[in-house]
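J.: heads up, no residue letters with this:
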């Protein structure tokens, strides 16, 4: 481990970076690993595709809403007990998913699975703030994000092979094995990192006070808002790329997993670039470069589509650039949103995550509602979001320089 990602001395014995990366991987694995199984779920349970879609939407709702609770719980009781309880819930819910006798049970189990997954992700973000110096935390997140990107790259491909070889239950068996192993490693190797437990964190008055501290801080919005919009930009491709590529541009369904993997590889590239930029230019300039790339990617997509270009390479190029920009933006935004709040790290991480999910929900709804059989709606959405990201990253920090 290099000097830029070395934890505080009291945590040097623990494999924190490895565990943080694994915790963060749980979210993309939980959604991407079974994407190839969605058609089989509809046929096996003899239900409409819209019903099967609830296994995704209920997961997003559960994951987004739980962040407002999990963060304060970890501020009060500590990271370790909340994390272990969340992982135990995830393992049990995953087993229920794999054994589900009906689509109703599967949907309910996916909601419970989301609560456990949320515990891992939120606590991981708070651990970064607990165990690393603020100036190191952004590098830790960037390094973890590089490895994290393997999950959305390989998840859909692995899920496709599991579906073909063993059926849809195999994806949940794989998730169960992974999460059970992670729970064992957490129990054996993860120390408690919360040195500022707040007994009032979950009381209504204490909770509202912490929310007021975080939401009232310009430092939070200076990073959380551009980060959430950047996540919305990549979610526009996550929710819209399959329809555009397969239905509009006639890409064979069997190729979609590889197309999606190429686009997500932009995120991995972006996290690597982010680490270089942080070392050479510092946080602020790196963030301006990343948010500028978001604008450039969206503008490129819209200009090319307006020029009459309708080809799969255009969608993949725009997706790669947008994902690459997010690979730069996300580590900086996450660290900047949480680092100013050592005593409310869990609350800040939860509010940031809830904001991300809210933006993703709105963007996904707009993408679905505006589809018209062409590239234009997706291109317009990507361009608008790029412009909003660019502006948010510059307008809010400018307010920080003004006297109170």
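T.: It's in. Computed from a predicted model, the values in this text were never measured in an experiment.
J.: Give the helix, strand or coil label for residue 201.
T.: coil (DSSP: H, G, I helix; E, B strand; the rest coil).
J.: Equivalent analysis for residue 101, please.
T.: The three-state label given to residue 101 by three-state DSSP is coil.
J.: so what's residue 258 closest to, chain neighbours aside?
T.: Spatially, and ignoring its direct neighbours in sequence, residue 258 is nearest to residue 157 (7.2 Å; CB to CB, 6 or more residues apart in numbering). Heads up, the C-betas are built off the backbone N, CA and C, glycines and all.
J.: quick one: contacts for the one you found?
T.: Each residue near residue 157 by CB atoms under 8 Å, 6 or more residues apart in numbering is listed here: 257, 258, 261.
J.: doesn't residue 309 make contact with residue 249?
T.: No. The pair residue 249 / residue 309 is not scored as a contact, 11.0 Å apart, by CB atoms under 8 Å.
J.: quick one: which of these two has more around it?
T.: For residue 249 versus residue 309, neighbours defined as other CB atoms under 10 Å are more numerous around residue 249 (16 against 12).
J.: which ones are touching the more buried one?
T.: For residue 249, the contacting residues are 310, 311, 312, 315, by CB under 8 Å, 6+ apart.
J.: Return a selection command, for use in PyMOL, containing the buried ones of these.
T.: Buried subset of those, written as a PyMOL selection, criterion 16 or more other CB atoms under 10 Å:
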select buried, resi 312+315
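J.: Reformat the contacts of residue 249 as a markdown table; add secondary structure.
T.: Below are the contacts of residue 249 laid out as a markdown table (three-state DSSP):
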| residue | secondary structure |
| --- | --- |
| 310 | coil |
| 311 | coil |
| 312 | helix |
| 315 | helix |
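J.: Just give me the closest of the contacts of residue 249 to residue 113.
T.: residue 315 (30.6 Å; CB to CB).
J.: residue contacts, the closest one?
T.: When contacts are counted by CB under 8 Å, 6+ apart, residue 315 is found next to 237, 241, 244, 245, 249, 301, 375, 378.
J.: right, and the fourth one touches residue 313 too?
T.: No. Counting by CB under 8 Å, residue 313 is not a contact partner of residue 245; they are 10.7 Å apart.
J.: re the thing from before, any of the contacts of residue 157 buried? List them.
T.: The neighbour count (16+ other CB under 10 Å) marks 257, 261 as buried among those.
J.: Which single one of the contacts of residue 157 is nearest to residue 37?
T.: Relative to residue 37, the closest of the contacts of residue 157 is residue 257; by CB to CB it sits at 12.4 Å.
J.: For that closest one, list the residues it contacts.
T.: Residue 257 makes contacts with 36, 156, 157, 160, as judged by CB under 8 Å, 6+ apart.
J.: State the distance from it to residue 227.
T.: Computed as CB to CB, to the nearest Å, the residue 257 to residue 227 distance reads 27 Å.
J.: coming back round to it: tell me which two of the contacts of residue 257 sit farthest apart.
T.: Once CB to CB is applied, the contacts of residue 257 give 36 and 157 as the farthest pair, at 8.7 Å.
J.: Quote the end-to-end distance of stretch 157-175.
T.: Stretch 157-175 has an end-to-end distance of 15 Å (CA to CA, to the nearest Å).
J.: Good, wrapping up.
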